[in-house]
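K.L.:
predicted model and sequence follow; I will ask about them next.
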2 protein chains.
Amino acid sequence: MSMHARASAPASIGNVGVGFDVLGQAFDAARDEVTAHRESQQGVRLGEVSGLMSKLPEDPMRNTALRAAQAVLQAVKAPFGVRLDVKKGVPISAGMGGSAASAVAAAAAVNALLDKPFSTAELLPFALEGERASADPPPWDNVMASLLGGLVIAAQLDPAIVKPMPAPQGVTAILFHPDAKTETQAARDVLQPDAPLQTAVEHARRLGAFTLGCATSDLELIRAGLDDVLIEPQRAFLLPEMRDVKAAALEAGALGCSFSGSGPSIFAWAADFDAEAVETAMARAFDRAGRKAKAYRASLNSTGVRLEPAEEPEACA
Amino acid sequence: MSMHARASAPASIGNVGVGFDVLGQAFDAARDEVTAHRESQQGVRLGEVSGLMSKLPEDPMRNTALRAAQAVLQAVKAPFGVRLDVKKGVPISAGMGGSAASAVAAAAAVNALLDKPFSTAELLPFALEGERASADPPPWDNVMASLLGGLVIAAQLDPAIVKPMPAPQGVTAILFHPDAKTETQAARDVLQPDAPLQTAVEHARRLGAFTLGCATSDLELIRAGLDDVLIEPQRAFLLPEMRDVKAAALEAGALGCSFSGSGPSIFAWAADFDAEAVETAMARAFDRAGRKAKAYRASLNSTGVRLEPAEEPEACA
């Protein structure tokens, strides 16, 4: 019977530009780690918080890790509780799936304490329940990508069909996290309730082109598709330099460039041989705007959640 | 120097249910044939009309075959004209791409009279110009599918990127042409100018799922995706028995069922081993509605336009 289990889950790029609420991409340039300690008392509570932050909400309804852990324990009517240590490697309110990474890592860590653990894919509803602490209803894109790794499509919501999408060879994801914050809920609230039919058709066209491009490693199709005509125009004002950064990325050869999730982070896809030039061009555009921004890079085939070797428990806590 | 050339082009399923204005599918259960006769006088004129009909408009602006032929001749500043014999195998105003098949066959037949013919793919703009006689702006779906064969995506309009989409193995297309007519333009006019954002997202989700399903021969994804939530609900009233026919098809195991183009024809995709049952179920539903309907079946890998052996010219016309 395990007393401690540790799991890590990657950052992720929600929407992947063209797939609002449909696509997500694991982005293994940063990971959250959650260690679950079994406790005899039922319920969930927060232990040590470290890494990028030293405080997180202690209320399970407002903490994605705690809420995910609670969902796992309640599903199996576990006769024990857990204390979670959270080591944040993924920034929050950044558009990098920070809340989802914590939820996913927590679900996996607690799962590893069960006598009959769920499969990784079966953890999706629990991780989603955790993400609900951040946005309700919880978007799937970050959660499914952080859980499963790589590029993932939510093909159907009910009943859920979530599938890996083949990622093209020789393409890198670049992400800049600017020194600015957006709240997922606020970024959703700016969206118009309706879209022109023509925009809806063009949006679907791009998702079809992108999907076929990924499945057949056709960079021309990916370039045609990786373009958000539905959501990005409504959110561009949230980060004034968005337009310049995107133009710089495309000019330098990027296959596409958009907000990661609801921003403010901006990601681009580029052929490996263009990645350096694209990153440099984006960095210069942020410089020109006088905005600090941190650059990350990761493979399209980023690893999803994984169990980590449990650290030695402290002698007597 | 050829004096006569003959080409045939298949019927087609516009939209393929989930891909309004984006997808088309050749449907080789019926073909139009156009024979182009070189004439010393410039211009285009209609010769013999045969097959399903004996009359067609003689004004090139209102006849898709003549208008496509004219576009080809004008593009190369041909020093000659043509007379077109049209043998209609594809019904018109049926949602089977009848106007597109004539345009495509005409473009290919005239092309074969040129000293330096265009490639098949290069004929797209001329065939589209022909289709403009039927609807303006001309939808691409039927034209590109009838031209190229198989399942085709219009990945980008300007500049045009039209690509074949891999078709899943072991799946058949079934189509019923009911004894009713819809005009493409009228069917477009009923559409609301806006769509709820949620519908736009769900529409794109289905196109993404369908595309990935086709590319990976994953019938679960195709079933999840082959479902038109954007357009079909707005047009269902055009054919009162639509709902029943669709329900019967799905009940019998179809992967999906929707209008072909703007209807009134209804198509379904079914695994080969379900095709007989699906066709029977749909036929019964039409029977119950008291509507005559003709059934067709064709492979997803239907052949597109092709040159046919030129018939012996009449002795002295």
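P.N.:
Good, I have the coordinates.
K.L.:
which bits of the stretch 51-200 of chain A sit near chain B?
P.N.:
A:153-156, A:161, A:163, A:165-166, A:191-197, A:199-200 (CB under 8 Å from any CB of the partner chain). Heads up, the C-betas are built off the backbone N, CA and C, glycines and all.
K.L.:
narrow these to those that are buried.
P.N.:
A:153-156, A:161, A:163, A:165-166, A:194-195, A:197, A:199-200 (16 or more other CB atoms under 10 Å in any protein chain shown).
K.L.:
from those, which two are the most distant?
P.N.:
A:Pro166 and A:Asp194 (33.5 Å; CB to CB).
K.L.:
would you agree A:Leu23 is in contact with A:Val16?
P.N.:
Yes - A:Leu23 lies in contact with A:Val16 (CB atoms under 8 Å); the separation is 4.1 Å.
K.L.:
now do the shared contacts for the two.
P.N.:
Residues within reach of A:Leu23 and of A:Val16 at once, by CB atoms under 8 Å, 6 or more residues apart in numbering or on different chains, are A:Asp141, A:Leu151.
K.L.:
can you pull out the helices in the stretch 1-150 of chain A?
P.N.:
A:64-75, A:98-111, A:124-131, A:141-148 (DSSP state H, counting those that start in this stretch).
K.L.:
so what's the residue count around A:Leu201?
P.N.:
Quick fix: residue A:201 is Val, not Leu. Using other CB atoms under 10 Å in any protein chain shown, A:Val201 has 23 other residues around it.
K.L.:
which SSE is immediately downstream of the strand or helix carrying A:Cys214?
P.N.:
For A:Cys214, the element it lies in under DSSP states H and E is helix A:197-216. Next helix or strand after helix A:197-216 toward the C-terminus (DSSP H and E): helix A:219-225.
K.L.:
elements contacting that following helix?
P.N.:
helix A:197-216, strand A:256-259, strand B:151-157, strand B:160-165 (3 or more CB pairs under 8 Å, 6 or more residues apart in numbering or on different chains; DSSP states H and E).
K.L.:
which residues outside that helix are in contact with it?
P.N.:
So helix A:219-225 is contacted by A:18, A:168, A:171, A:205-214, A:255-256, A:269, A:271, B:155-156, B:161, B:163 (CB under 8 Å, 6+ apart).
K.L.:
follow-up on the earlier one: so how far is the helix holding A:Cys214 off the chain centroid?
P.N.:
In terms of CA atoms, centre = their mean, to the nearest Å, the centre of helix A:197-216 is found 22 Å from the chain centre.
K.L.:
what comes up buried for it?
P.N.:
A:197, A:199-216.
K.L.:
ok, now stretch A:130-142?
P.N.:
A:Gly130, A:Glu131, A:Arg132, A:Ala133, A:Ser134, A:Ala135, A:Pro138, A:Pro139, A:Trp140, A:Asp141, A:Asn142.
K.L.:
repeat that for stretch A:213-232.
P.N.:
A:213-216, A:218-219, A:221-232.
K.L.:
domain assignment for chain A?
P.N.:
A:4-164, A:171-299 (automatic domain parsing).
K.L.:
how about those in CSV, adding distance to B:Val110 and mean pLDDT?
P.N.:
Output for the domains of chain A, formatted as CSV (distance: least, CB to CB, whole Å; pLDDT from 0 to 100):
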stretch, distance to B:Val110, mean pLDDT
domain A:4-164, 39, 96
domain A:171-299, 30, 95
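K.L.:
tell me which of these is the most buried.
P.N.:
domain A:4-164 (a mean of 23; mean count of other CB atoms under 10 Å in any protein chain shown).
K.L.:
now do the end-to-end distance for that one.
P.N.:
30 Å (CA to CA, to the nearest Å).
K.L.:
how much space separates A:Leu307 from A:Ala7?
P.N.:
5 Å (CB to CB, to the nearest Å).
K.L.:
joint contacts of these two?
P.N.:
With CB under 8 Å, 6+ apart as the test, A:Leu307 and A:Ala7 both reach A:Ala108, A:Ala109, A:Ala112.
K.L.:
so which bits of the stretch 201-317 of chain A are right by chain B?
P.N.:
A:201, A:203-205, A:207-213, A:215-216, A:218, A:220-221, A:224-225, A:230.
K.L.:
repeat the analysis, applying 6 Å as the threshold.
P.N.:
Taking CB under 6 Å from any CB of the partner chain as the contact definition, the stretch 201-317 of chain A meets chain B at A:Val201, A:His203, A:Ala204, A:Arg205, A:Leu207, A:Gly208, A:Ala209, A:Thr211, A:Leu212, A:Ala215, A:Leu221, A:Ala224.
K.L.:
which SS class is the closest residue to A:Gln234 other than its chain neighbours?
P.N.:
Excluding its sequence neighbours, the residue lying closest to A:Gln234 (CB to CB, 6 or more residues apart in numbering or on different chains) is A:Leu191, at 5.6 Å. Look at A:Leu191: counting by DSSP: H, G, I helix; E, B strand; the rest coil, its state is coil.
K.L.:
so how far is A:Ser258 from A:Leu191?
P.N.:
15 Å.
K.L.:
ditto for A:Met144
P.N.:
A:Met144 is 19 Å from A:Ser258, by CB to CB.
K.L.:
the stretch 1-150 of chain A: strands as residue ranges?
P.N.:
Counting by DSSP state E, counting those that start in this stretch, one finds strands in the stretch 1-150 of chain A at the ranges A:4-14, A:23-39, A:44-51, A:81-88.
K.L.:
same list (those strands) but as TSV, adding distance to A:Ala186.
P.N.:
TSV is the format used below for the strands of the stretch 1-150 of chain A (distance: least, CB to CB, whole Å):
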stretch	distance to A:Ala186
strand A:4-14	15
strand A:23-39	20
strand A:44-51	24
strand A:81-88	21
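K.L.:
what lies in contact with whichever helix or strand A:Phe286 is part of?
P.N.:
Per DSSP H and E: A:Phe286 is located in helix A:275-288. Residues from elsewhere that reach helix A:275-288 (CB atoms under 6 Å, 6 or more residues apart in numbering or on different chains): A:172, A:174, A:176, A:244-245, A:248-249, A:252, A:254, A:268, A:270, A:293, A:295.
K.L.:
among those, which ones are in helices?
P.N.:
Residues of the contacts of helix A:275-288 located in helices (DSSP state H): A:Asp244, A:Val245, A:Ala248, A:Ala249.
K.L.:
from the residues you listed, which single one is nearest chain B?
P.N.:
Using CB to the nearest CB, A:Ala249 comes nearest to chain B of the ones in helices among the contacts of helix A:275-288, at 19.1 Å.
K.L.:
contacting residues around that closest one?
P.N.:
A:Cys257, A:Ala268, A:Val278, A:Met282.
K.L.:
is it true that the first one touches A:Ala248?
P.N.:
Looking back up the chat, that one is A:Cys257. No - between A:Cys257 and A:Ala248 there is no contact under CB atoms under 6 Å: 8.5 Å.
K.L.:
just want the phi and psi numbers for the residue of the stretch 1-150 of chain A found nearest chain B.
P.N.:
Nearest residue of the stretch 1-150 of chain A to chain B: A:Val22, at 4.6 Å (CB to the nearest CB). Dihedral pair for A:Val22: phi -120, psi -40, per degrees, to the nearest 10.
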